[in-house]
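Participant: here is the input, now give the coordinates:
(chains A, B, C and D)
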2 protein chains.
Amino acid sequence: MHLQDRWKRIIDELSSERVTSVDELTERLGVSPATIRRDLNELHELGHLLRVRGGAMRSEGKLYSGREEKRSEGLRGQSSFSDSVIANAGAKRAIAKAALDYITPGLSMIIDGGTTTWMMASMMNDDSYNVLTTSVPILQCLLERSRVKVTLPGGELFRDQGIILNPYEDGILQHFAAARMFIGCQALTKNGLMQTDTLLVQSERRLMERASEVVVLADSSKIDAPASLSVCPLSQIDVVITDDGISADAVRWLKAHDIDVRIVKADQAAAA
Amino acid sequence: MHLQDRWKRIIDELSSERVTSVDELTERLGVSPATIRRDLNELHELGHLLRVRGGAMRSEGKLYSGREEKRSEGLRGQSSFSDSVIANAGAKRAIAKAALDYITPGLSMIIDGGTTTWMMASMMNDDSYNVLTTSVPILQCLLERSRVKVTLPGGELFRDQGIILNPYEDGILQHFAAARMFIGCQALTKNGLMQTDTLLVQSERRLMERASEVVVLADSSKIDAPASLSVCPLSQIDVVITDDGISADAVRWLKAHDIDVRIVKADQAAAA
DNA sequence: TAAGATTCGATCAAGAGCAATCACATGAGA
DNA sequence: TCTCATGTGATTGCTCTTGATCGAATCTTA
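Facilitator: Residues are numbered from 1 along each chain as shown, chains lettered A, B, ... in the order given. Here you go, the predicted structure:
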């Protein structure tokens, strides 16, 4: 039995039972407890279940059961299993960790949607943080996995993008002053930060205005990747956290715009 | 048996019995009294039940049996209420159905938190509805089970109450005009609609201003039940939907305030 | 009001569950 | 065939949960 099969069977198990134990899975799948624990931990990190002592619990929230989040290889939801594999997970996790190191207790921040920012949110514990997000998956993640103080902008919920967007100009957002904004992207090019969805662009441009520092989380596959819509020019970006797959040339043109480029080593522990 | 299972079984127990004792739980779950006490205390803190000497009591009031996290790492409580743990489920379901009959496609409405309104939300299918809610469980429910258009007010997320509350006066809410507001309550008395949580009162009073018609969903156990805080006087209520357990006297004083009282027969299907 | 019986919370020891580490097996590629 | 990478299982301290004990608090009954 291979990794993918086990994962699938574990998720199946949890769709019928609300909770399940390591022992039960050990017996049912015929592998060692150590392997089950490893699997559960990884599935937890990928957001498919909640790890609890002795086993795992279904992630009930499913706040976001809409279509896959387009820009981020399908984030979660009642995801078909193929969605569970996050591309470049090792790099993304390392980047998310580095982003966490970059915040201090009590900080007010904006966290935009995306798989890397989602990983960052899933690792947040300190309840002194103050987070504003428009992303439904991140809202769910923070609710389930932390005691972080969460603020939401008002607005209509767009299921396909998994974001909340305010059609008006007033609202909470105008009262929120964030020290930092963490943002993912579809691509990072000389033209700036790029996305492919117009709604996302609209949302992100607005959020950016409310943060004094913009931190981009982009694994190296995003550098010079194709994407059509510019969110902002490089000049508006303060920090880029990426992995060591980035080219020296790219580092050069980023630094030419006074961007603090932080390079982390991809985390090996990650699966597929 | 693990923590998650125990907690679920304790809550289930309380859905069929109004009170239960440490001894009974000890026997039924096969764990020590010390463990049961610990569990009861924690569930009490999380608002899932009321701790009393010798055992625990159902807490009718808690609108949000949410997924609070206990301590910094990992233990999660029950998730959103399932039918089986709702007191008076039969009556509530019938009331929720009647409320659904009372809306027409394309309607804009506000749905407040509460178990009855939650049931109502869980039965909504038509995607032409336009719903504003401050309640997180209802948000989850609508996202998961319907394609209804959802609008959220901005604000801070209060985990214990499971609501979003805007500390400012402006925001989406000021732009939202609802034909009807559906609201649950802790109690319905001659003094009006009652709650026990000040935050809820604050939230509901604001929502009410934005709806042209106020519809109260209250099963008969709520009539003249104890609760300390008045949300609004009876004169502001337009419709009350309740079950046939209501007294003739209560119907009289409700009608004296020009309230349209609609009485439904409790749904037998899965009464407590 | 006083005495006896429950129930409670604090404390501690035993055991279950855990992460980290190492070693072995398997399979791919040179 | 050799080597390296990867996935799995076993071992080892460590942490957290559980159950038992005991004095204190509370309820009951006389």
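Participant: for stretch A:124-133, which positions count as buried?
Facilitator: By neighbour count on 16 or more other Cβ atoms under 10 Å in any protein chain shown, the buried set for stretch A:124-133 is A:124, A:129-133. All C-beta atoms are positioned from the backbone trio N, CA, C, and that covers glycine.
Participant: what do you get for stretch A:13-29?
Facilitator: Neighbour-count burial for stretch A:13-29 flags A:13-14, A:19-22, A:25-26, A:29 (criterion: 16+ other Cβ under 10 Å).
Participant: alpha carbons of it, in CSV - could you do that?
Facilitator: The C-alpha coordinates for stretch A:13-29 follow below in CSV (Å, rounded to 0.1, in the frame of the first residue of the first chain):
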residue,chain,number,x,y,z
GLU,A,13,-12.4,6.9,7.0
LEU,A,14,-12.9,10.4,8.4
SER,A,15,-15.7,11.1,6.0
SER,A,16,-17.7,8.3,7.7
GLU,A,17,-16.4,8.6,11.2
ARG,A,18,-16.0,12.0,12.9
VAL,A,19,-12.9,10.9,14.7
THR,A,20,-10.5,8.1,14.3
SER,A,21,-7.6,6.8,16.3
VAL,A,22,-4.0,5.9,15.5
ASP,A,23,-4.7,2.4,16.7
GLU,A,24,-7.7,1.9,14.6
LEU,A,25,-6.0,3.1,11.5
THR,A,26,-2.9,1.0,12.3
GLU,A,27,-5.1,-2.1,12.3
ARG,A,28,-7.2,-1.2,9.4
LEU,A,29,-4.4,-0.2,7.1
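Participant: quick check: which ranges of the stretch 1-150 of chain A have low pLDDT?
Facilitator: Counting by pLDDT under 70, the stretch 1-150 of chain A shows low-confidence ranges at A:60-85.
Participant: and the helices in it?
Facilitator: Taking DSSP state H, counting those that start in this stretch as the criterion, the stretch 1-150 of chain A contains helices spanning A:3-16, A:22-29, A:33-45, A:89-101, A:115-122, A:136-145.
Participant: pick the most deeply packed of these.
Facilitator: Across the helices of the stretch 1-150 of chain A, the average number of neighbours (mean count of other Cβ atoms under 10 Å in any protein chain shown) peaks for helix A:115-122, which reaches a mean of 27.
Participant: circling back: which of the buried residues of stretch A:13-29 are the two that sit furthest away from each other?
Facilitator: Farthest pair in the buried residues of stretch A:13-29 (Cβ to Cβ) is A:Val19 and A:Leu29. Separation: 16.3 Å.
Participant: in the stretch 151-272 of chain A, which spans are strands?
Facilitator: A:155-158, A:163-165, A:180-183, A:187-189, A:192-195, A:214-217, A:229-232, A:239-243, A:260-264 (DSSP state E, counting those that start in this stretch).
Participant: of these, which is nearest DNA strand D?
Facilitator: DNA strand D lies closest, by Cβ to the nearest atom of the strand, to one member of the strands of the stretch 151-272 of chain A: strand A:239-243, at 15.4 Å.
Participant: just to revisit the earlier point, any chance of the strands of the stretch 151-272 of chain A in CSV, plus distance to chain B, mean neighbour count and mean pLDDT?
Facilitator: As requested, the strands of the stretch 151-272 of chain A are exported to CSV (distance: least, Cβ to the nearest Cβ, whole Å; neighbours: other Cβ atoms under 10 Å in any protein chain shown; pLDDT from 0 to 100):
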stretch, distance to chain B, mean neighbour count, mean pLDDT
strand A:155-158, 4, 21, 95
strand A:163-165, 6, 23, 94
strand A:180-183, 17, 25, 98
strand A:187-189, 29, 23, 96
strand A:192-195, 23, 24, 96
strand A:214-217, 22, 26, 98
strand A:229-232, 22, 19, 96
strand A:239-243, 25, 24, 95
strand A:260-264, 25, 16, 95
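Participant: related to what we said a few turns ago, in CSV: the helices of the stretch 1-150 of chain A, plus distance to chain B.
Facilitator: Below are those laid out as CSV (distance: least, Cβ to the nearest Cβ, whole Å):
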stretch, distance to chain B
helix A:3-16, 12
helix A:22-29, 10
helix A:33-45, 10
helix A:89-101, 15
helix A:115-122, 12
helix A:136-145, 6
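Participant: for DNA strand D, find the nearest of the ones you listed.
Facilitator: Among the helices of the stretch 1-150 of chain A, helix A:33-45 comes nearest to DNA strand D, with 3.3 Å by Cβ to the nearest atom of the strand.
Participant: helices or strands up against that closest one?
Facilitator: The contact analysis (3 or more Cβ pairs under 8 Å, 6 or more residues apart in numbering or on different chains; DSSP states H and E) places helix A:33-45 against helix A:3-16, helix A:22-29, strand A:49-52, strand A:55-58.
Participant: export only the CA atoms of the last one, formatted as CSV.
Facilitator: Right, the one you point to is strand A:55-58. Output of strand A:55-58 as CSV, limited to C-alpha atoms (Å, rounded to 0.1, in the frame of the first residue of the first chain):
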residue,chain,number,x,y,z
GLY,A,55,-5.8,10.2,16.3
ALA,A,56,-7.4,12.7,14.0
MET,A,57,-10.7,14.5,13.7
ARG,A,58,-12.6,15.6,10.6
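Participant: at the geometric centre of chain A, which residue sits there?
Facilitator: Centroid check for chain A by Cα atoms, centre = their mean gives A:Trp118 as the closest residue, at 1.8 Å.
Participant: quick check, that one in contact with A:Gly47.
Facilitator: Yes. A:Trp118 lies in contact with A:Gly47 (Cβ atoms under 8 Å); the separation is 7.1 Å.
Participant: just the helices in the stretch 151-272 of chain A please.
Facilitator: A:198-209, A:248-255.
Participant: any idea how chain A splits into domains?
Facilitator: Domain segmentation of chain A under automatic domain parsing yields A:3-60, A:89-264.
Participant: so for DNA strand C, which of those domains sits nearest?
Facilitator: domain A:3-60 (4.2 Å).
Participant: circling back to that earlier point, distance to DNA strand D added to the helices of the stretch 1-150 of chain A, as TSV?
Facilitator: What follows is the helices of the stretch 1-150 of chain A, written out as TSV (distance: least, Cβ to the nearest atom of the strand, whole Å):
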stretch	distance to DNA strand D
helix A:3-16	5
helix A:22-29	9
helix A:33-45	3
helix A:89-101	10
helix A:115-122	19
helix A:136-145	16
